[in-house]
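Visitor: Kindly generate the corresponding structure for this input.
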Amino acid sequence: MESEKLPQEASLDSDPDTDLIALLDAAAADASGVTSKGIEALRLHIQGYSCKEIGQLFGEASDNNVSAWMSRARKYLRQDPAIAALAP
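Guide: Have a look, this model is predicted:
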């Protein structure tokens with residue numbers, strides 16, 4: 001099954017979340033399976049996509065699946081010191 005190419009940012013320089021997106025991309029490269037999907041979903045969510053839209057980009061995944069992926073990704077990312085340092 002060929003996966004659909006997901007949208008990328010037009011310009012990272014103008015995005016206030018540049019550091020976070022770069023960290024998420026790096027973490028996604030280290031993660032696997034559902035965790036990696038969740039990190040990609042979080043990145044898209046930061047850009048303004050809804051869970052429903054993200055599910056459609058991933059091939060008709062349900063809103064609940066996308067939420068579960070993001071939950072697993074958040075749990076994984078809490079373990080990353082670089083990302084934890086960004087938390088208020």
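
Visitor: what residue ranges in this structure score low on pLDDT?
Guide: Applying pLDDT under 70 to the predicted model, the residue ranges of the chain that meet it are 1-17.

Visitor: Mind checking what secondary structure Cys60 has?
Guide: Small correction: residue 60 is Glu, not Cys. Secondary structure of Glu60, reduced to three states by DSSP: H, G, I helix; E, B strand; the rest coil: coil.

Visitor: Near it, how many other residues are there?
Guide: By other C-beta atoms under 10 Å, the residues close to Glu60 number 8. For every residue, glycine as well, the C-beta is placed using N, CA and C.

Visitor: same deal with Asn64?
Guide: A count of neighbours around Asn64, defined by other C-beta under 10 Å, yields 10.

Visitor: The helix or strand where Lys52 lies: which residues count as buried?
Guide: Using DSSP states H and E, Lys52 falls within helix 51-57. Neighbour counts using 16 or more other C-beta atoms under 10 Å place 51, 54-55, 57 of helix 51-57 among the buried residues.

Visitor: okay, among the residues you listed, which ones form the most distant pair?
Guide: Across these, the longest distance by C-beta to C-beta is 10.8 Å; it joins Cys51 and Leu57.

Visitor: about what we covered before: beyond the helix holding Lys52, next helix or strand please.
Guide: Next element after helix 51-57 (DSSP H and E): helix 63-77.

Visitor: List of residues touching that following helix?
Guide: Around helix 63-77, the neighbours that count as contacts under C-beta atoms under 8 Å, 6 or more residues apart in numbering are 24, 27, 31, 34-35, 37-39, 41-42, 45, 51-52, 54-55, 58, 61, 83.

Visitor: same question, stretch 35-53
Guide: Judged by C-beta under 8 Å, 6+ apart, the contacts made with stretch 35-53 from elsewhere in the structure are 6-7, 9, 17, 20-21, 24-25, 27-28, 31, 54, 57-58, 63, 66-74, 76-77.

Visitor: rerun that using 6 Å as the cut-off
Guide: 17, 21, 24, 27-28, 31, 54, 63, 66-67, 69-70, 72-73, 76 (C-beta atoms under 6 Å, 6 or more residues apart in numbering).

Visitor: All good on my end, thank you.
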